[in-house]
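A.B. asks: Show me the folded form of this:
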Amino acid sequence: MQLSGRDFALSGWLHRLRGQEASLYALRVLVALGGAMGWCWSTGHMPWLVPLFLGVIASALAETDDNWRGRLRTLVITLAGFALVSLSIETVVHSPALFALTLCGVAFAFTMLGAVGERYRAVSTASVILALYTAMSVGASQQTPPHLVSALLLAGAA
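C.D. replies: Residues are numbered from 1 along each chain as shown. Predicted structure coming up:
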């Protein structure tokens, strides 16, 4: 079987794409987003899609280029930070003064954590972004049960 010029070009492009780490990373994020979309659609929970997507995006921002043990350790630290941030913000989001104080405290604490090293810098940046995602999600969905938004953000991040 002989490849035509177009088939050969496509084959070469796919071969180069497979060898690049960024394309594999993008594929993992695409699979996570597709899984969240498929689950929400198949179960009829489409209002839950936005917090799940935001959790996936925040987790993707915290991803590090490490071996599997380093990634697992970073994921555990990330999820712990995300849980702390999300639950804190969701609890105080309806009180403007407490919300501003908590957001400033979270931003300061995670900025100091980011000063420890490159791995923690990515986690801290993503955690501060997740705090804003939590505030937006809680504000957008008034009828959700307490802490459901935090659980959905964490599920998306996981």
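
A.B. asks: Can you find which helix in the protein contains the most residues?
C.D. replies: helix 68-92 (DSSP state H).

A.B. asks: That helix: which residues count as buried?
C.D. replies: With burial defined by 16 or more other C-beta atoms under 10 Å, the residues of helix 68-92 counted as buried are 74-75, 77-79, 81-92. C-beta here means a position set from N, CA and C on the backbone, and glycine is covered the same way.

A.B. asks: so where's the protein shaky on pLDDT?
C.D. replies: Regions of the chain meeting the criterion pLDDT under 70 cover residues 1-23, 64-66, 140-144, 146.

A.B. asks: And the helices in it?
C.D. replies: 5-18, 21-43, 49-61, 68-92, 96-114, 118-140, 148-157.

A.B. asks: which of those helices sits most buried?
C.D. replies: helix 148-157 (a mean of 24; mean count of other C-beta atoms under 10 Å).

A.B. asks: Mind giving me the packing neighbours of that helix?
C.D. replies: Packed against helix 148-157, as judged by 3 or more C-beta pairs under 8 Å, 6 or more residues apart in numbering; DSSP states H and E, are the following elements: helix 49-61, helix 68-92, helix 118-140.

A.B. asks: Thank you, goodbye.
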